[in-house]
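Participant: Output the structure for:
(one chain, ligands or ions: 1)
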Amino acid sequence: MTPGRSKLPDVGTTIFTVVSRRSGELGALNLGQGFPDYDIDPRLAELVGQAMREGHNQYAPMEGLIELREGIARKLALSYGLSVDPHCEITVTLGATEAIYCGIQALAGPGDEAIVFDPAYDSYEPAVRLAGARCVRLPLMPPQFRYDWDRVRAAINAHTRLILFNSPHNPACTTAMAGDLDELAAAIRGRDIVVLSDEVYEHMVFDGRAHASVLTQPELRERSMAVFSFGKTLHATGLRVGYSVAPAPLSAELRKVHQFNTFSIANPLQRAIAAYLAERPQTGRDLPGFFQAKRDRLRSRLAHCGFSLPPAQGTFFQLLDFGELCPPGDVAFAERTLTEAKVATIPLSPFYAEPPELSVVRLCIAKRDDTLDRAAERLAQLAQRLGRA
Ligand code: GLN
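Facilitator: Below is the predicted model of the structure:
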């Protein structure tokens, strides 16, 4: 049976799913989709088992377990000095993706525009379109991928309802600076615009940088929904537990959609994460060092083979620049790393409405050291072949 009429006729399966599937078929090292290949903290696994044995197996409250929301509020206080009301400002969601999806459905509708910055994470535009709204896509240009605030101001008009912000930025691997937040606040001042800020890589910022959360900018704090991810912070992307932080009126709107989408999130997982945060209030603090060491390991192993690797400012990814070795064309190059080097990578073109010429692909650094070493060896061999060609 054909559905007759598709609401997303041009949307296929996501690049992450396609690349992971092909990587598996080819027996490649998967540095494509962003997920760790090492073990989680066994204490977290124990706490999940314990929660189930203790009988926490029925519906959790729609907005999230209060113990977990209190833990999140303490974490936000510790990380950013913020005071957030766990009762009406925090909502637990099925990963950050659900928070983003529900936030968009709750806030945007026909006639509205949402500004997104390309390369934009793949879930943003379909969510905006399913809400009946339209995306205005502003490119961040390589190699720096910085914001052009004149262009942002020029794009804002009476229809603008949302700005989808993302820092640390996936897939550009950049981080916003405090000055960017001030520009963003000034650009929307006096207008009925909400910032939906994807901050899932909040703890993966490198070289001594601090994460510039929209929640720390006083004007943005009043009109932003920031979304976070325990999957990233606890090295367990399969948990699918995330959360949104937004002023009470925005959180109330989010919850109206969330309650009819996933209703509530796995009870034993929420119990376990709440207990884990209570035992380890500093959760996330070691992550910059942990991931920076992985980034630098990969960079040093690929230092002299012809690729260049401009140090990622944040996220658990690192860009590989192949511009010295072959002509631009990131999709074709990603195909070569997969089929010739047996290393799965992610091109950036699919994240642009109108891709510029690109000579970079994204590598995931959230991998065991030996996985990174083996991938670097294979990529270095590819570089050697390209250099001779
Ligand atoms: N966030 C992951 C990445 O950027 C992808 C998650 C997914 O496959 N939906 O690689």
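Participant: which residues touch residue 56?
Facilitator: 267-268, 271 (C-beta atoms under 8 Å, 6 or more residues apart in numbering). Placement of C-beta: from N, CA and C, glycine included.
Participant: show me which of those residues neighbour the ligand.
Facilitator: Residues of the contacts of residue 56 in contact with the ligand (C-beta under 6 Å from any ligand atom): none.
Participant: Look up phi and psi at residue 291.
Facilitator: Backbone torsions of residue 291, given as degrees, to the nearest 10, read phi -80, psi -30.
Participant: Revised request: answer the last question for residue 347.
Facilitator: According to degrees, to the nearest 10, residue 347 has phi -70, psi 160.
Participant: List the contacts of it.
Facilitator: By C-beta under 8 Å, 6+ apart, the residues touching residue 347 are 15, 330-331, 333-334, 358, 361-362.
Participant: Please name the bridge partners of it.
Facilitator: On the basis of DSSP bridges, residue 347 is bridged to residue 361.
Participant: cool, and residue 225?
Facilitator: Under the criterion used (DSSP bridges), residue 225 bridges to residue 196.
Participant: returning to that earlier point: could you give me the PyMOL selection string for whichever of the contacts of residue 347 are buried?
Facilitator: Entered in PyMOL, the line below selects the buried ones among these, by 16 or more other C-beta atoms under 10 Å:
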select buried, resi 15+330+333+334+358+361+362
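Participant: Just put the contacts of residue 347 in JSON lines and tack on secondary structure.
Facilitator: Shown next, in JSON lines, are those (DSSP: H, G, I helix; E, B strand; the rest coil):
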{"residue": "15", "secondary structure": "helix"}
{"residue": "330", "secondary structure": "helix"}
{"residue": "331", "secondary structure": "helix"}
{"residue": "333", "secondary structure": "helix"}
{"residue": "334", "secondary structure": "helix"}
{"residue": "358", "secondary structure": "coil"}
{"residue": "361", "secondary structure": "strand"}
{"residue": "362", "secondary structure": "strand"}
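Participant: With pLDDT as extra columns, can I get the contacts of residue 347 in TSV?
Facilitator: Shown next, in TSV, are the contacts of residue 347 (pLDDT from 0 to 100):
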residue	pLDDT
15	94
330	97
331	97
333	97
334	97
358	97
361	98
362	98
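Participant: Okay, helices next: where are they in the protein?
Facilitator: Secondary structure of the chain (DSSP state H): helices at 15-26, 42-53, 66-80, 95-107, 124-130, 149-155, 178-188, 218-221, 230-233, 248-261, 267-279, 287-301, 330-339, 369-388.
Participant: Counting by contacts, list what the fourth one packs against.
Facilitator: Taking 3 or more C-beta pairs under 8 Å, 6 or more residues apart in numbering; DSSP states H and E as contact, the helices and strands that helix 95-107 lies on are strand 90-93, helix 124-130, strand 160-166, strand 194-198, strand 224-229, strand 242-245, helix 248-261.
Participant: which sections of this protein are below the confidence cut-off?
Facilitator: 1-2 (pLDDT under 70).
Participant: ok, and the closest non-adjacent residue to the most centrally placed residue in it?
Facilitator: For the chain, the residue nearest the mean C-alpha position is residue 200 (4.9 Å; C-alpha atoms, centre = their mean). In this structure, residue 200 finds its nearest non-sequential neighbour in residue 229, 3.9 Å apart by C-beta to C-beta, 6 or more residues apart in numbering.
Participant: ok, what's across the strand from the one you found?
Facilitator: residue 242.
Participant: For it, give me its contacts.
Facilitator: Going by C-beta under 8 Å, 6+ apart, the list of residues near residue 229 reads 95-96, 200, 241-242.
Participant: If you rank the contacts of residue 56 by neighbours, which is first?
Facilitator: residue 271 (22 neighbours; other C-beta atoms under 10 Å).
Participant: where's it relative to the ligand, distance?
Facilitator: Residue 271 sits 25 Å away from the ligand, going by C-beta to the nearest ligand atom, to the nearest Å.
Participant: from memory that residue sits against residue 47, does it?
Facilitator: Yes: under the criterion of C-beta atoms under 8 Å, residue 271 makes contact with residue 47 at 7.4 Å.
Participant: Pull up the residues of the stretch 51-200 of the chain that are close to the ligand.
Facilitator: residue 170.
Participant: residues near the residue in the stretch 51-200 of the chain that the ligand sits nearest to, how many?
Facilitator: Across the stretch 51-200 of the chain, no residue is closer to the ligand than residue 170, which sits at 5.1 Å (C-beta to the nearest ligand atom). Each residue near residue 170 was counted by other C-beta under 10 Å, and the total is 24.
Participant: how much space between it and residue 37?
Facilitator: Residue 170 sits at a distance of 18 Å from residue 37 (criterion: C-beta to C-beta, to the nearest Å).
Participant: do residue 336 as well
Facilitator: 23 Å.
Participant: So those two - more neighbours on which side?
Facilitator: residue 336 (18 against 15).
Participant: show me what contacts the nearest residue to that one once chain neighbours are set aside?
Facilitator: The shortest distance from residue 336 to any non-neighbouring residue, by C-beta to C-beta, 6+ apart, is to residue 382 (7.0 Å). Contact analysis of residue 382 by C-beta under 8 Å, 6+ apart lists 336-337, 340-341, 343.
Participant: List only buried entries from those.
Facilitator: By 16+ other C-beta under 10 Å, the contacts of residue 382 give 336-337, 341, 343 as buried.
Participant: Quickly name whichever of these is closest to residue 42.
Facilitator: Nearest to residue 42, judged by C-beta to C-beta, of the buried ones among the contacts of residue 382 is residue 343 at 29.5 Å.
Participant: beta partners for that closest one?
Facilitator: Beta-bridge partners, per DSSP bridges, of residue 343: residue 29.
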